[in-house]
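[1] need coordinates for the following:
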Amino acid sequence: MQPWNWRPKKKSILDAKDRIREQLQTTLGDGSLNIEFTIKEKNRRILALEGEKRRLATEAAQTIERLRASLRASEAHRKLLEAGGGQPNARAPANSFARLAAETAERARLAAEAERLAADKASLEGKLSALEAAAAAASTSASATSASSAAVVAQQERQLAQQERKLAQQADEWGVAKARAVAQLRQLQAEKQQLAGEKADLLAARDREARRADASEARVELLEGRLADLEAAARADAAIRRAEAEQLRTQRLPDPAGPLPCATEALRAESDAEEAQRAAEEARRAAEEARRAAEEAHHARESALEEEVATLCRDKEALASEKERLAALLARAEACIGEAAPPTNVACDRCPELQAAAEERLAPSWPR
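    Model (predicted):
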């Protein structure tokens, strides 16, 4: 089993955090951009109003200065005219009417100019008041917009921090579940190796039993061969004894006492042959029973070994399927960790499944 490397997983978790942060910024970016655009627009309007205010104030000051200069010039001209009217002049009677008309026209012009100046001053003061009110309203609106944007940014930061905490907690939960799954996989591999060792031991025992059965069969065959040899020797011995008895019976002289010893020898030979035949039969039956017992024991051992091998194969298949299921769960866990902003409820639904699968394998009960 290859060792687990946690650094890529940590990197994937950091990448997921960055992706979540980017998504949150993208999601909340429209409102922030609108707020920023509104603030900039209000600032531009405030600056434009302040510039207009300064321009109007400058124009009003220049107009007032021109009017004051004109008033000063008119006053000086009037004083000059008054001073000239008190002196004796030969042409005064001829020009008095012209001077009076010019002075009247000048006074009328000055009065009209003064009225226009007063009207311009009033209008300028109204414009200045309106501009100051608009500037105050714009400043208040900008302050409110700045406060609302700061509140929105703070709320976004709090949401981002909360999302990061949830992601970190979820990553910790997945790390714990993954560690448990890795421990279970290692335990399953150890059990697999143990089962493989037990299977090898059973196969070796089966081979030993097979060799022992072959040796028993060879021994039975040897005993059968010896039994056949003994039977042949017994038959040959019986035939030889019968032939010797017949020869002795035919070669002896006939006398009253002769047939009795020959008959006795013949009976003894026949009884010995029958005993040898019975012994051979008993030995053959014993050998046959031993062979049958050995065959039955061999068949019983073969059946037991085949049953154990089948059980081990089933256990191995179950172990492989369980390992594949845990590998699939680990793959799903890695895929969910690699996703951007995985739903918390889905992760909570998947974590108990992996945890239950891991805890279910904590105490396996494999048949031995």
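
[2] biggest helix in the protein, by residue count?
    Assignment by DSSP state H gives helix 92-251 as the longest helix of the chain.

[3] element containing Glu288, please.
    Assigned by DSSP states H and E, Glu288 falls within helix 259-338.

[4] for that helix, packing partners?
    Where contact means 3 or more CB pairs under 8 Å, 6 or more residues apart in numbering; DSSP states H and E, helix 259-338 is packed against helix 6-86, helix 92-251, helix 344-360. To be clear about C-beta, it is placed using only N, CA and C from the backbone, and glycine gets the same treatment.

[5] adding mean pLDDT and distance to Cys313, write those out as a markdown table.
    Putting the helices and strands packed on helix 259-338 into a markdown table (pLDDT from 0 to 100; distance: least, CB to CB, whole Å) gives the following:
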| stretch | mean pLDDT | distance to Cys313 |
| --- | --- | --- |
| helix 6-86 | 70 | 36 |
| helix 92-251 | 78 | 8 |
| helix 344-360 | 49 | 22 |
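
[6] hmm, back to that, what is the orientation angle of the helix holding Glu288 with helix 92-251?
    Orientation check (axes from the mean of the first three to the mean of the last three CA atoms, to 10 degrees): helix 259-338 against helix 92-251 gives 180 degrees.

[7] how far off centre is helix 259-338?
    Remark: helix 259-338 is offset 54 Å from the chain centroid, using CA atoms, centre = their mean, to the nearest Å.

[8] and it, what's its mean pLDDT?
    The average pLDDT within helix 259-338 is 73.

[9] quick one, which of the helices and strands packed on helix 259-338 is nearest to Arg292?
    Checking these against Arg292 by CB to CB gives helix 92-251 as the closest, at 9.5 Å.

[10] and Asp272, what is it in contact with?
    237-238, 241 (CB atoms under 8 Å, 6 or more residues apart in numbering).

[11] and for Leu167, the neighbour number?
    20 (other CB atoms under 10 Å).

[12] for Arg180, see how far away it is.
    For Leu167, the distance to Arg180 (CB to CB, to the nearest Å) stands at 20 Å.

[13] next: Ile240.
    Applying CB to CB, the value for Ile240 to Arg180 is 87 Å.

[14] now swap in Glu317 and tell me
    24 Å.

[15] again, but for Glu103
    Separation of Glu103 from Arg180 (CB to CB): 112 Å.

[16] for Ala327, same thing?
    Taking CB to CB, one finds Ala327 at 14 Å from Arg180.

[17] of those two, who's got more company?
    A direct count of neighbours by other CB under 10 Å for Ala327 and Arg180 places Arg180 higher, at 17 against 12.

[18] from Gln187, how far out is that one?
    Arg180 is 10 Å from Gln187, by CB to CB.

[19] can you check Thr58 too?
    Per CB to CB, Thr58 is found 89 Å from Gln187.

[20] which one of those two is surrounded by more residues?
    The neighbour comparison of Thr58 against Gln187 (other CB under 10 Å) goes to Gln187, with 15 against 10.

[21] how near is that one to Glu306?
    29 Å.

[22] same thing with Ala61?
    Note on Ala61: its distance to Glu306, by CB to CB, is 118 Å.

[23] same check, this time on Leu222
    The spacing between Leu222 and Glu306, counted by CB to CB, is 29 Å.

[24] what's the answer for Arg291, then?
    Distance, Arg291 to Glu306, by CB to CB: 22 Å.

[25] go on, Arg19?
    Applying CB to CB, the value for Arg19 to Glu306 is 57 Å.

[26] one more: Asp229?
    Going from Asp229 to Glu306 by CB to CB gives 38 Å.

[27] same question, Ala218
    In this view, Ala218 and Glu306 are 23 Å apart by CB to CB.

[28] just the C-alpha atoms of stretch 58-70, please, in CSV.
    The C-alpha trace of stretch 58-70 is given here as CSV (Å, rounded to 0.1, in the frame of the first residue of the first chain):
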residue,chain,number,x,y,z
THR,A,58,-15.4,84.6,-7.8
GLU,A,59,-17.8,86.1,-10.4
ALA,A,60,-19.9,87.8,-7.6
ALA,A,61,-16.8,89.2,-6.0
GLN,A,62,-15.5,90.5,-9.4
THR,A,63,-18.9,92.0,-10.2
ILE,A,64,-19.2,93.6,-6.8
GLU,A,65,-15.6,95.0,-7.2
ARG,A,66,-16.5,96.4,-10.6
LEU,A,67,-19.7,98.0,-9.3
ARG,A,68,-17.8,99.4,-6.3
ALA,A,69,-15.2,100.8,-8.7
SER,A,70,-17.9,102.3,-10.8
